[in-house]
Structure formats: structure tokens, C-alpha cells
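**Q** following is a predicted model, sequence given first.
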Amino acid sequence: MDFGNKIIYKCPKCGKLVYKFGIISMNNFGAAYYSDGGVSGLMHSEEDLITKCSKCKTIYWLDKENVEGECYGQFSDNPKWNAAKSTEWLKKNDFIDALEQKIYRNKDEELCIRNIVWRKLSSEYDLTKDEEKIYKSNCKKLLKFYNIDNINEKLLIAELHRNLGNFDECTEILKTIKNKDYIWIRNLLLYECEKKNKRVVRLIKGSIKCIKKGNKMVFEEPVLTLFCQTCGTTKYVFKKDKPPFYCGYCKKEVKEETEEEIEEKKKKKEKVKQKMKITKPSKDGKLLEI
């Protein structure tokens with residue numbers, strides 16, 4: 001990722017200054033993708049588009065309307081700009097507040113906030129009654145924003161139905177997807193529907209095998225999970241697969257770890273833990289582990 005200039009923003013209510021560096025370029029290396037459209041592992045996301053004033057608690061958009069200025073580097077000739085603190089990362093409740101306060105000014109901003117709230121709540125298993133109510137209401141309203149004729153948005157519509165527990169509706173929508181590039185996602189979500197799982201899942205290609213038997217689709221989970229020592233890619237092995245196994249990315253052979261290799265890894269982890277132990281002096285001068 002390459003950062004750009006330092007941008008100074010001004011709270012529209014109290015005038016407190018904060019800053020954020022612009023982004024020139026970025027990549028998605030190492031990112032994880034999820035069924036609700038969420039992506040983790042990126043240095044930038046739609047969550048960066050709004051912030052909360054630490055002084056007056058106003059939630060506002062980091063857009064051109066609230067830009068105070070811009071400097072080429074860490075410091076400027078303006079002492080007030082140099083004293084500005086970095087923008088705050090918002091928490092789950094802040095985004096819910098932003099939705100309830102209706103800080104959005106158009107449909108695009110409303111969709112942005114609703115998507116963030118959806119993804120913040122879809123991954124949690126211990127929602128309060130109020131959060132569950134907000135979650136369901138938000139999912140139902142999101143259904144109106146997406147176009148079923150767009151294949152990416154069709155998947156999101158199916159996912160919203162699954163999150164709401166509408167497994168039949170989700171299944172019917174997924175069965176209409178024939179594009180070979182999306183079949184693996186379709187099969188993964190169909191499998192989750194079969195399990196009656198309403199929560200978000202990570203999208204990992206090849207993690208589920210789908211076999212069509214007559215009019216039925218039978219799903220198979222892997223019996224073994226291997227990791228390529230060359231590139232780190234995950235390799236899933238199913239019941240009928242026979243060795244040797246090859247990485248789907250770098251094409252190198254992937255072998256199951258021996259008991260000796262597993263034991264060696266445990267020893268290395270234990271050594272790291274020992275080095276990371278924190279100590280403090282006791283009253284008699286001896287070191288105690290915290």
C-alpha cells in the first residue's frame with residue numbers, strides 16, 4: 001500500500017481537527033473474503049469513510065465538505081494541523097448510531113452504512129435482543145437496494161435471505177446461478193442452507209465438494225486439510241482423492257506432515273512462548289512471571 005498526502009478534517013459541529021493519510025494504491029494480498037461481501041485483511045475499507053469526533057461525539061463523513069486542508073508530509077507550517085490527532089476507528093455501536101441518526105445524505109451513503117452494520121452484526125453469535133431486531137430490520141431493507149439481474153448482487157440477495165433464515169428463498173435464488181466462475185460460491189452457500197446456518201461464512205474455494213445425484217445435490221466436506229509449504233495455499237483433500245496431492249496455485253506437491261514435523265513445530269512454538277513471558281521483580285528480588 002502507498003500512502004498519499006496528510007488530509008486534515010474538521011468536525012462540522014465543534015471544529016475539532018483530525019487527520020488521515022490518503023491512499024494512492026493498495027492490494028488485497030492475504031485478504032479473506034466472506035459471504036456477506038465483507039473483506040478482512042485490507043488496510044482500507046468503507047469503514048474509513050466516517051469517523052466520530054472525540055470532543056463532541058458527532059459522527060460525520062470524511063469527505064470534501066469536511067476537509068480543512070492538506071499537507072505534503074507528516075508536518076506543516078500550521079501548528080493547529082500538527083496538533084491534530086488521527087481519525088478514530090468506529091466500533092459496532094457507533095455504526096448502529098450512525099444508521100439510527102440517519103447521517104446519510106443519499107442512497108449510496110445509506111447503502112454504505114447499512115452494509116457496514118450488516119457485516120458487523122452477521123459475524124456475531126451473541127447479539128442482544130435489540131441488536132437482533134436492528135440486524136433483521138436492516139437486512140430486510142438492504143434487499144431493496146440490490147438488483148437481482150446483477151450476479152454479484154444476486155449473491156448478496158441470496159445471502160441476506162440466508163441470514164434472515166429464509167433458506168428456501170436463498171436456495172431458489174442460488175439455483176438460478178449457472179455462471180461457472182460463481183458455481184463454487186453457489187455450492188458453498190447451498191451447503192450452508194442445507195445445514196440451516198444463518199451466520200456469515202468465509203469463502204474458500206474448494207472447501208466443499210458438490211456432487212449431483214439425480215435431482216439432488218450432495219455435499220462432501222474434506223477429510224484432510226493440508227498447507228502448501230511453498231506458497232502457503234490451503235489444499236483440501238476429499239474421501240476419493242489419492243496421493244500425491246498438488247497445490248492448486250503453485251502446482252507443487254503438498255504432503256501431510258509427519259508426527260516428527262508436528263512435534264518440531266510444537267517445540268518451536270513453546271520456545272517463542274517462553275521468550276514472550278513477561279516478568280516483574282517480587283519483594284525478595286526474584287523475578288515472577290505475570
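**A** Arrived safely. Numbering: from 1, shown residues only.

**Q** next, the distance between the ends of stretch 48-66.
**A** 14 Å (Cα to Cα, to the nearest Å).

**Q** can you give me the buried ones in it?
**A** Across stretch 48-66, burial judged by 16 or more other Cβ atoms under 10 Å covers 50-53, 59-62, 66. From N, CA and C alone the C-beta is placed, and that goes for glycine too.

**Q** show me these that map onto strands.
**A** 50-52, 59-61 (DSSP state E).

**Q** save these as a markdown table, and put in pLDDT and distance to residue 206 too.
**A** Listed next are these as a markdown table, based on pLDDT from 0 to 100; distance: Cβ to Cβ, whole Å:
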| residue | pLDDT | distance to residue 206 |
| --- | --- | --- |
| 50 | 93 | 36 |
| 51 | 95 | 39 |
| 52 | 95 | 41 |
| 59 | 95 | 41 |
| 60 | 96 | 43 |
| 61 | 95 | 40 |
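
**Q** make JSON lines out of those residues and add distance to residue 231.
**A** As requested, those are exported to JSON lines (distance: Cβ to Cβ, whole Å):
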{"residue": "50", "distance to residue 231": "37"}
{"residue": "51", "distance to residue 231": "37"}
{"residue": "52", "distance to residue 231": "40"}
{"residue": "59", "distance to residue 231": "42"}
{"residue": "60", "distance to residue 231": "43"}
{"residue": "61", "distance to residue 231": "40"}
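
**Q** out of the residues you listed, give me the two with the largest separation.
**A** By the measure Cβ to Cβ, 52 and 61 form the most distant pair in those, at 11.4 Å.

**Q** low-confidence ranges in the stretch 1-150 of the chain?
**A** 1-3, 25-30, 41-46 (pLDDT under 70).

**Q** same thing but at 90, please
**A** Along the stretch 1-150 of the chain, segments meeting pLDDT under 90 span 1-5, 21-34, 38-48, 70-79, 81, 88-89, 122-126.
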